[in-house]
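In: Give me a 3D structure for the following:
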Amino acid sequence: MRRRNGLAIDRGECFPGLGCVGLAMRGPEGPVGAISVVGDGRSSLELVAPLVVNAVRAVSEELFGVTQP
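Out: Residues are numbered from 1 along each chain as shown. Down below sits the predicted model:
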């Protein structure tokens, strides 16, 4: 698993053949949840990562009026 500013990428560490990209969502007082995408571990997860980041930013702003870095 690699972490970059809270972004985690998993390639088969938990389940062989599956991969995951996830990012924690923070509210004004700390973590409140996360968004992750699970799929074929052989796919290019780096291409999905920006979509997960954008989704977390959009939901954070909608719920809390704050934009995550």
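
In: following the helix or strand of the chain with the lowest mean pLDDT, which helix or strand comes up?
Out: Least confident helix or strand of the chain, by mean pLDDT, DSSP states H and E, is strand 2-4 with a mean of 52. Later in the chain than strand 2-4, the nearest helix or strand by DSSP states H and E is strand 7-11.

In: roughly how far apart are residue 11 and residue 45?
Out: To residue 45, residue 11 is 7 Å away according to C-beta to C-beta, to the nearest Å. Every C-beta, even on glycine, is put in place using the N, C-alpha and C of the backbone.

In: Could I get the full set of strands for the protein?
Out: Listed in chain order, the strands found in the chain under DSSP state E are 2-4, 7-11, 18-27, 30-40.

In: Out of the ones you listed, flag the one nearest residue 62.
Out: With C-beta to C-beta as the criterion, residue 62 lies closest to strand 18-27 of the strands of the chain, at 10.9 Å.

In: Any buried residues in that closest one, and which?
Out: Neighbour-count burial for strand 18-27, counted by 16 or more other C-beta atoms under 10 Å, picks out 19, 20, 21, 22, 23, 24, 25, 26.

In: so what's the residue nearest to the fourth one when sequence neighbours are not counted up against?
Out: Closest residue in space to residue 22, ignoring its immediate chain neighbours: residue 36 at 3.3 Å, by C-beta to C-beta, 6 or more residues apart in numbering. With contacts defined as C-beta atoms under 8 Å, 6 or more residues apart in numbering, residue 36 is in contact with 20, 21, 22, 23, 52.

In: And the furthest pair within the residues you listed?
Out: Counting by C-beta to C-beta, the most remote pair of those is 20 and 23, 10.8 Å apart.
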